[in-house]
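*Asks:* No letters, just coordinates:
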């Protein structure tokens, strides 16, 4: 099941937080079923196979996702961490993570949804307590609420991704310029 998830944020925890899109407007939820949550874990490369999950796994993943988003915003804006979000993230991070195994054909990762979530939570802990915090930026598209790691030269990146937001903004600006430009003189 390919859901065409966008992995443009530069860090798995930020991509996870971005699965609730357009938070300030239409709020588009990517995790509507346990199967879609598991598809994200697979598409992200976090796991190779995952056992089927249930509604409890989905609720817990949404809770942790919202905690990650809140803590990312707190850190990005230089504010103290929200206590409830911090407790939710740390509780998930304390659980058993994904355990990769070496097989005859290479690395293989099989997990439960709980193990996958614990791994994402640990990745969020590493991000929020690590050196990439100053590189976190929110997308310049007013409709988008993704936060990404800006590793561009001069930290000039403005959008989470060109395909998802950059092209839309550039095309809209081009149309606006064309619309307001004077018509060529007739000869």
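*Replies:* Cool, got the structure. Small disclaimer: the values here were computed from a predicted structure and weren't measured.
*Asks:* Okay, residue 144 and residue 86: tell me how far apart.
*Replies:* Note on residue 144: its distance to residue 86, by C-beta to C-beta, to the nearest Å, is 25 Å. C-betas here are computed from N, CA, C, even on glycine.
*Asks:* Between those two, point out the one with more neighbours.
*Replies:* Per other C-beta atoms under 10 Å, whichever of residue 144 and residue 86 has more neighbours is residue 144, with 23 against 17.
*Asks:* From residue 154, how far out is residue 69?
*Replies:* From residue 69 across to residue 154, the span is 27 Å (C-beta to C-beta).
*Asks:* Looking at the two, which has the bigger crowd around it?
*Replies:* Just comparing residue 69 and residue 154: by other C-beta under 10 Å the higher neighbour count belongs to residue 69, 23 against 6.
*Asks:* Next secondary structure after the helix or strand harbouring the more buried one?
*Replies:* If you go by DSSP states H and E, residue 69 is part of helix 55-76. Downstream of helix 55-76, the first helix or strand assigned by DSSP H and E is helix 83-93.
*Asks:* Surely residue 60 is in contact with residue 92?
*Replies:* Yes - with contacts counted by C-beta atoms under 8 Å, residue 60 reaches residue 92, the gap being 7.4 Å.
*Asks:* Give me the common contacts of those two.
*Replies:* Here residue 60 and residue 92 share the contacting residues residue 117, scored by C-beta atoms under 8 Å, 6 or more residues apart in numbering.
*Asks:* So these two - more neighbours on which side?
*Replies:* Using other C-beta under 10 Å as the criterion, residue 60 and residue 92 rank with residue 92 on top: 24 against 19.
*Asks:* For the nearest residue to the more buried one once chain neighbours are set aside, give me its contacts.
*Replies:* Using C-beta to C-beta, 6 or more residues apart in numbering and skipping residues adjacent in sequence, the residue nearest residue 92 is residue 121, 3.7 Å away. Contacts were defined as C-beta under 8 Å, 6+ apart; by that measure residue 121 touches 64, 68, 89, 90, 92, 93, 95.
*Asks:* any idea which helix or strand carries residue 121?
*Replies:* For residue 121, the element it lies in under DSSP H and E is helix 113-128.
*Asks:* Many thanks, we can stop here.
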